[in-house]
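> need a structure here:
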Amino acid sequence: MMRKRPSNVSWADQGEIFDLMAINLFQHLQESIKNAKTLNFGDLYQYLETWKSFTEGDDEQESNRWDIMYSLLWCAERASKGISRCVDLAEAPELIKKNKAWARNCIELLRGENRSTVTSSTPIAISNPLDGVANIFNFVLEILESGDGEIFHHPMDMLATLPSSDFIDSARIAWNAARKLMRKSGVDIQYDVRWRLLDRYNKPITRISGRSASAAVAMASCFALQRKVPDDGTVILAQIKNDGKLASVMGIKEKVKAIAADGRFDTIITVSQADHKEAQETLKEQRNANIAVVNAGTNSKTLENIVDLCSVASRKYSFDSGDLRDWEISGEKGEWKIEDGELSGRSKRFPSSELLIADSGKWADYKLECKVKLLETFEDSSGSLSWVAVVIRYQDTGNNCVFALDFPKQTVNIDFEYAGDPKITKTHFDVVKNKYYKLKVTANGNHLQFFIDDRPIHECIYNSFSRGKVGVLIVRAHAHFDDFMIEGKGINAE
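Next up is the predicted model:
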């Protein structure tokens with residue numbers, strides 16, 4: 001609908017004035033109240049009416065902007081009078097009646113007050129509805145101490161970022177799904193939360209619509225309620241439905257392109273086989289082998305699984321306690337025990353003996369470190385191998401990846417074994433008995449890097465297995481291991 005505008009104001013001028021007024025209104029009100037400046041609210045309301053009378057169109061988000069400005073004036077009136085709560089709601093704007101938690105926080109901020117907060121941020125991939133091109137933004141959640149469990153747009157950003165009603169509804173559904181999951185875990189959920197949507201330069205984006213960010217919102221909410229920080233290298237491509245289950249989103253290809261071009265991410269989470277396949281094919285087209293695609297599925301535990309996948313945690317084993325209950329023996333039984341606060345492994349025969357973390361089979365991306373010390377070798381007359389090693393991506397004795405020091409050959413070996421067929425990369429290295437070396441492996445998708453005492457040894461692309469158990473290994477040797485540490489996503493702390 002076209003409304004009449006003052007003849008002496010061009011559409012370009014009024015648009016610029018309107019945008020400046022809208023974005024700066026909160027700051028203007030806040031500064032005036034802080035400095036005890038008298039505000040004539042009658043004039044301010046009339047000023048809004050004047051500008052509103054010649055805006056054009058019936059755009060939902062622009063209409064919401066007017067509602068927000070009227071509501072800001074309502075809150076400012078109360079803040080200027082020293083009122084800190086939402087009272088006398090009979091004459092309040094509808095936005096206030098529906099969002100009392102927002103109004104309370106708005107009044108607090110206008111008065112220069114702020115409840116203590118816990119902040120959680122997660123990246124989201126959003127497509128432009130006009131051209132389909134995707135961009136990466138940061139969805140920021142701030143948990144407010146005390147509250148009634150409401151989620152709302154940050155009052156200071158509400159005139160800068162205009163969300164559609166479906167985005168607002170999906171954020172509320174995501175927040176409630178997170179609260180339900182956290183309640184089951186015994187986490188206190190009686191908090192309010194406010195959100196912001198920022199570009200990579202921490203500036204509010206102007207508009208947002210759709211539901212495709214809602215799974216990321218749910219995940220960020222879970223972490224915020226737990227006072228934890230999610231892994232910032234993961235992007236979730238999914239939406240959350242009214243029943244709390246996750247579903248696919250549109251524009252997977254463009255979103256994956258944006259993720260690959262951004263350069264900050266190592267993992268994409270999808271929730272359907274079709275999305276998983278399209279994401280992998282798009283990454284191949286982009287020639288980006290450093291991003292892993294994980295399919296979390298769509299069952300009732302999907303959100304819980306995603307929270308686990310995005311958790312960065314570590315396990316550390318110093319072996320001082322003498323406890324090996326997290327570990328299991330594979331291959332030749334060997335002799336594994338604790339000696340003087342260190343893990344001791346002894347194996348006189350071939351094949352190897354491995355000691356593995358029993359529940360590590362689903363771990364994919366991580367950094368593993370372990371100190372190893374060779375004490376004795378049990379070589380046969382042929383001078384065959386005698387190894388002390390760490391092992392990753394372990395499926396069984398014939399399918400795994402081993403990072404080993406070989407004393408008889410004086411080499412460091414990377415052994416990729418598939419279906420019992422080893423492919424070994426060897427590099428000369430002076431191995432000394434009774435000396436500790438720190439072996440380190442980083443695994444990001446199919447990109448593996450190997451280090452000794454933080455010196456780079458080898459890196460490669462490994463496509464045989466994307467996950468598998470981790471542990472230590474000996475072949476015809478007696479060795480000690482200490483300070484075993486693994487850190488990454490989806491690793492539950494011991």
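> And the helices in the stretch 201-350 of the chain?
Along the stretch 201-350 of the chain, counting by DSSP state H, counting those that start in this stretch, helices occupy 214-225, 252-262, 273-285, 302-309.
> Kindly apply the preceding question to the stretch 51-200 of the chain instead.
Under DSSP H, counting those that start in this stretch, the stretch 51-200 of the chain gives helices at 60-80, 94-98, 100-110, 165-184.
> and residue 341, which of these is closest to it?
helix 165-184 (38.3 Å; C-beta to C-beta). No exception for glycine: its C-beta is placed from N, CA and C like everyone else's.
> unless I'm mixing things up, residue 266 is touching residue 232, no?
No. Contact criterion C-beta atoms under 8 Å: residue 266 and residue 232 do not qualify, at 9.9 Å.
> of these two, who's got more company?
A count of neighbours by other C-beta atoms under 10 Å puts residue 266 above the other of residue 266 and residue 232, at 18 against 15.
> ok, of the helices of the stretch 201-350 of the chain, where does mean pLDDT dip lowest?
Ranked by mean pLDDT, the helices of the stretch 201-350 of the chain end with helix 302-309 at the bottom, a mean of 80.
> ok now it, how far from the chain's centre?
11 Å (C-alpha atoms, centre = their mean, to the nearest Å).
> Now that helix: buried residues?
Of all the residues in helix 302-309, those buried under the rule 16 or more other C-beta atoms under 10 Å are 302-303, 305-309.
> List just the nearest of the residues you listed to residue 341.
Nearest to residue 341 among these, with distances taken as C-beta to C-beta, is residue 308, at 31.5 Å.
> Distance of that closest one relative to residue 269?
To residue 269, residue 308 is 11 Å away according to C-beta to C-beta, to the nearest Å.
> Same check on residue 436?
Applying C-beta to C-beta, the value for residue 436 to residue 269 is 38 Å.
> For the two, work out which one has more neighbours and name it.
Set residue 436 next to residue 269 and count neighbours by other C-beta under 10 Å: residue 269 wins out with 26 against 15.
> Any chance of a markdown table for the buried residues of helix 302-309, columns distance to residue 420?
What follows is the buried residues of helix 302-309, written out as a markdown table (distance: C-beta to C-beta, whole Å):
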| residue | distance to residue 420 |
| --- | --- |
| 302 | 36 |
| 303 | 40 |
| 305 | 32 |
| 306 | 36 |
| 307 | 38 |
| 308 | 33 |
| 309 | 31 |
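> Out of these, which is nearest to residue 342?
Once C-beta to C-beta is applied, the member of the buried residues of helix 302-309 that ends up nearest residue 342 is residue 308, at 31.3 Å.
> And the closest one, how far from residue 170?
Taking C-beta to C-beta, one finds residue 308 at 22 Å from residue 170.
> go on, residue 274?
In this view, residue 274 and residue 170 are 21 Å apart by C-beta to C-beta.
> who's more crowded, these two?
Taking other C-beta under 10 Å, residue 274 and residue 170 do not tie; residue 170 has more neighbours (24 against 11).
> returning to that earlier point: buried deepest among the helices of the stretch 201-350 of the chain, which one?
helix 214-225 (a mean of 28; mean count of other C-beta atoms under 10 Å).
> tell me which strands and helices that helix is in contact with?
Other helices and strands packing on helix 214-225, by 3 or more C-beta pairs under 8 Å, 6 or more residues apart in numbering; DSSP states H and E, are strand 117-127, strand 134-144, helix 165-184, strand 192-198, strand 234-236, strand 239-240, helix 302-309.
> burial count for the closest residue to residue 34 other than its chain neighbours?
With C-beta to C-beta, 6 or more residues apart in numbering as the criterion, residue 34 has its nearest non-adjacent residue at 5.5 Å, and that residue is residue 112. Residue 112: 11 surrounding residues under other C-beta under 10 Å.
> OK, contacts around the spatially closest residue to residue 202 that is not a sequence neighbour?
Distances taken as C-beta to C-beta, 6+ apart place residue 138 nearest to residue 202, at 7.6 Å, with adjacent residues excluded. For residue 138, the contact set (C-beta atoms under 8 Å, 6 or more residues apart in numbering) comprises 121-124, 197-200, 202.
> Mind putting those into JSON lines with distance to residue 130?
What follows is the contacts of residue 138, written out as JSON lines (distance: C-beta to C-beta, whole Å):
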{"residue": "121", "distance to residue 130": "27"}
{"residue": "122", "distance to residue 130": "25"}
{"residue": "123", "distance to residue 130": "22"}
{"residue": "124", "distance to residue 130": "18"}
{"residue": "197", "distance to residue 130": "18"}
{"residue": "198", "distance to residue 130": "21"}
{"residue": "199", "distance to residue 130": "18"}
{"residue": "200", "distance to residue 130": "21"}
{"residue": "202", "distance to residue 130": "25"}
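> In TSV: the residues you listed, plus pLDDT, distance to residue 223 and neighbour count.
Listed next are the contacts of residue 138 as TSV, based on pLDDT from 0 to 100; distance: C-beta to C-beta, whole Å; neighbours: other C-beta atoms under 10 Å:
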residue	pLDDT	distance to residue 223	neighbour count
121	85	9	18
122	90	8	27
123	92	13	22
124	94	14	23
197	93	17	24
198	92	17	17
199	89	21	13
200	83	20	12
202	87	19	10
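> which one of those sits closest to residue 182?
Nearest to residue 182 out of the contacts of residue 138 is residue 122 (C-beta to C-beta; 15.8 Å).
> Spit out the contact partners of the closest one.
So residue 122 contacts 138-139, 216-217, 219-220, 223, 230, 232, 236 (C-beta under 8 Å, 6+ apart).
> Residue 334: which of those is nearest?
residue 230 (39.2 Å).
> so what's the closest one scoring on pLDDT?
Taking residue 230 on its own, its pLDDT is 78.
> What of the one 3 residues further on?
Residue 233 carries a pLDDT score of 83 in this model.
> again, but for residue 291
The per-residue pLDDT reported for residue 291 equals 83.
> repeat for residue 248
Each residue has a pLDDT score; the one for residue 248 is 92.
> Surely it and residue 274 touch.
Yes. Between residue 248 and residue 274 there is a contact at 7.1 Å, judged by C-beta under 8 Å.
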